[in-house]
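Chemist: Generate a structure from the sequence data that follows.
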Amino acid sequence: MPYLTKDDLNFYRSKLLIQQQTIDGLKKTRSDQFTLGSYLKHLEVDINRKIPCDIINFSNEEYYSQSKEKFIKHKDMDMVHLIRSLIKIQKQQEDLIKKLIMNKVKIEVLKNEQ
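Modeler: So this is what the prediction gives:
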């Protein structure tokens, strides 16, 4: 059985240290997230009342994350990510409304030409 040299041991120690730091970093970022679900739990305790059912229903709805390529419940989303997703949806709705208005104007122009 071959013996490990001092350099080999140092190499493997450094690899293990990097892996542990990566694992610790992942744990830290996940525990640092402030999700809608955790906010609602804190809010319920702070105000000493139940959260309205429409808010609970919204928190259980799912959003398709294009970056993760899967559906995520609103309550599991980090608050910053949730707000950004809502801004994105609002922008998409505004763009659709503008297109509908432009199409309506085009239809009116075509009707008047006939």
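Chemist: Can you list the buried residues in the lengthiest helix in the chain?
Modeler: When the chain is scanned for its longest helix (criterion: DSSP state H), the result is helix 79-113. By neighbour count on 16 or more other CB atoms under 10 Å, the buried set for helix 79-113 is 81, 82, 85. No exception for glycine: its C-beta is placed from N, CA and C like everyone else's.
Chemist: could I get those as a markdown table with pLDDT and distance to residue 6?
Modeler: Putting the buried residues of helix 79-113 into a markdown table (pLDDT from 0 to 100; distance: CB to CB, whole Å) gives the following:
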| residue | pLDDT | distance to residue 6 |
| --- | --- | --- |
| 81 | 91 | 47 |
| 82 | 94 | 51 |
| 85 | 92 | 52 |
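Chemist: Make a markdown table from the residues you listed and add distance to residue 108 to it.
Modeler: Below are those laid out as a markdown table (distance: CB to CB, whole Å):
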| residue | distance to residue 108 |
| --- | --- |
| 81 | 41 |
| 82 | 39 |
| 85 | 35 |
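Chemist: pLDDT weak spots in the protein?
Modeler: 1-4, 8-9, 12-32 (pLDDT under 70).
Chemist: could you redo the last one with a cut-off of 90?
Modeler: Low-confidence segments of the chain (pLDDT under 90): 1-34, 42, 45-46, 65-68, 111-114.
Chemist: Buried residues in stretch 42-53, which are they?
Modeler: Neighbour counts over stretch 42-53 (16+ other CB under 10 Å) mark no residue as buried.
Chemist: How about residues contacting it?
Modeler: The contact list for stretch 42-53 (CB atoms under 8 Å, 6 or more residues apart in numbering) reads residue 40.
Chemist: Now do the end-to-end distance for it.
Modeler: Using CA to CA, to the nearest Å, one end of stretch 42-53 lies 16 Å from the other.
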